[in-house]
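Participant: quick check, what structure comes out for this input:
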Amino acid sequence: MGVDLRQVVAGILTITMFVMLGQMLHRDYFDAVQVQGDALDIGFHGSKVSLEDGLVRASEGHNGPWMEDSNDLKPCWSISESDEAVSSKGYVTFSLTNGPEYHVSQITDAVMIAKHLGATLVLPDIRGSKPGDEMNFEDIYDVDKLVKSLESVLKVVKKLPSHVSLRDIAIVKVPTRVAEDYIKEHITPIFKSKGNIRVTTYFPSVNLRKSSLDGETDPVSCLAMFGSLELQPGVNELVEAMIQRLKTHSKRSGGRFIAIDLRVEILEKKNCHETGAGGSKTCYNAQEIAVFLRKLGFDGDTTIYLTQPRWESSLNILKDIFPKTFTKETIMPADKKSKYLELENSEYENVIDFYISSRSDVFVPAIPGLFYANTVGKRIALGKPQVLVPAEISGTSGLSTDYISPYISKKNHLAYSCFC
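Facilitator: This is a model prediction of the structure:
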């Protein structure tokens, strides 16, 4: 039986059309393309995203679903005469541990305790997660800034006087966000008995939501949390240099970039495989984050910073979709790596992650915890509200305003007690 040449040609054309259609759909989904026809344009705080055939893309000439910074909030705490420093009766010592997200809470608790005891605060050392990981406060933070910012409420000294013996110091374990009533009931009697105390903070909860039980926030707490810790000049210059490199990669989006707290080691832990309220996921991997961002309309040219210490193959899917995805090893100036990147101590790296995440145009927490909570607090203080909490978007697109962190959309973060 002969073969009809017309049928062969028709078959080839049909197969070719399906291949071309597949390529067009893939390009539409992962690349920013020019929108034609009757696509629906949606205003998005100075930019536009286009919905056409159920796909979300950045429109020609626009930069995706970015929000503008807000400078509407100002510090609304003030130090009254009753908050001013009094003559010292003894010393409060403590250490900063577990990374900058914990440092913020630890310094706040120590200042609150020293203030209400009428004690002198001793400058803390910094201790990492491994035995022997110890640094001086001035290795990371600005000593003069801390002393000057707190001088109106308490005295700070760099070291414990030689006449004070370690045997004269009582170790006191306190819950974070320690309140004045707790200090009076549980800490004051010990301080009166021993004369000096060493404070260690534990964290019964890692959320920083305001509570109706909190009452009015102590202005000293606000000062300590948002006005006392600043990076020392050398570390601050490094963070600035890395941010500028990210901005340089982001010319098409006006210098804007996304920071994602995604660490593979934590994703592999048991608690990251558990579900949250209503069966929702608590942690998101690289592929899930990539899909989430694309569905929100961030195009393939978007610059992304990851807190992951070093690159791992499981991150490749994110880089395939967003080629401008970087870890600190690729954007840190070469002459800084020996000091800040190649040491066993990871405290510098943790600090870099925290401060870049606080200052990025968008922050996405792929994992929950105190890093997320205290990064949001710092962003509220800096007027950077675009914190997008990942979710599994059921459709093919979503609006980023629907995924703003509840800390910000509901204004229930503790920072809103200090900034109004």
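Participant: quick one: residue 356 and residue 238, what's the gap?
Facilitator: 10 Å (C-beta to C-beta, to the nearest Å). For glycine as for every other residue, the C-beta is placed from the backbone atoms N, C-alpha and C.
Participant: same check on residue 131?
Facilitator: Distance, residue 131 to residue 238, using C-beta to C-beta: 27 Å.
Participant: quick one: which of those two has more around it?
Facilitator: A direct count of neighbours by other C-beta atoms under 10 Å for residue 131 and residue 238 places residue 238 higher, at 21 against 7.
Participant: next, that one: secondary structure please.
Facilitator: Secondary structure, DSSP: H, G, I helix; E, B strand; the rest coil: residue 238 is helix.
Participant: any idea how many residues pack against the spatially closest residue to it that is not a sequence neighbour?
Facilitator: Once flanking residues are discounted, residue 238 sits nearest to residue 336: 5.6 Å by C-beta to C-beta, 6 or more residues apart in numbering. Neighbours of residue 336 under the rule other C-beta under 10 Å: 17.
Participant: try residue 113
Facilitator: Here the number of neighbours of residue 113 (other C-beta under 10 Å) works out to 25.
Participant: what's the helix or strand it falls within packed up against?
Facilitator: Per DSSP states H and E, residue 113 falls inside helix 100-117. The elements that helix 100-117 packs onto, with contact taken as 3 or more C-beta pairs under 8 Å, 6 or more residues apart in numbering; DSSP states H and E, are strand 91-97, strand 120-122, helix 188-194, strand 196-202, helix 219-227, helix 347-359, helix 370-382.
Participant: got the angle for the fourth one vs strand 91-97?
Facilitator: Spelled out, it's strand 196-202. 30 degrees (axes from the mean of the first three to the mean of the last three C-alpha atoms, to 10 degrees).
Participant: please name every helix or strand in contact with strand 196-202.
Facilitator: Looks like strand 196-202 contacts strand 91-97, helix 100-117, strand 169-175 (3+ C-beta pairs under 8 Å, 6+ apart).
Participant: can you tell which of those is closest to residue 285?
Facilitator: Minimum separation from residue 285 across those (C-beta to C-beta) falls at helix 100-117, 21.2 Å.
Participant: now that closest one: mean pLDDT?
Facilitator: The average pLDDT within helix 100-117 is 96.
Participant: from the chain's centroid, how far away is that helix?
Facilitator: 20 Å (C-alpha atoms, centre = their mean, to the nearest Å).
Participant: what are the C-alpha coordinates of it, in PDB please?
Facilitator: Extracted in PDB, the C-alpha atoms of helix 100-117 (Å, rounded to 0.1, in the frame of the first residue of the first chain):
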ATOM      1  CA  PRO A 100      22.500  38.300  65.600                       C
ATOM      2  CA  GLU A 101      18.800  37.300  65.700                       C
ATOM      3  CA  TYR A 102      19.400  36.200  69.300                       C
ATOM      4  CA  HIS A 103      21.700  39.100  70.100                       C
ATOM      5  CA  VAL A 104      18.900  41.600  69.600                       C
ATOM      6  CA  SER A 105      16.700  39.900  72.300                       C
ATOM      7  CA  GLN A 106      19.600  39.200  74.600                       C
ATOM      8  CA  ILE A 107      20.800  42.800  74.700                       C
ATOM      9  CA  THR A 108      17.300  44.000  75.300                       C
ATOM     10  CA  ASP A 109      16.700  41.600  78.300                       C
ATOM     11  CA  ALA A 110      20.100  42.500  79.900                       C
ATOM     12  CA  VAL A 111      19.500  46.200  79.600                       C
ATOM     13  CA  MET A 112      16.000  45.900  81.000                       C
ATOM     14  CA  ILE A 113      17.300  43.900  84.000                       C
ATOM     15  CA  ALA A 114      20.300  46.200  84.700                       C
ATOM     16  CA  LYS A 115      18.100  49.200  84.500                       C
ATOM     17  CA  HIS A 116      15.400  48.000  86.900                       C
ATOM     18  CA  LEU A 117      18.100  46.700  89.300                       C
END
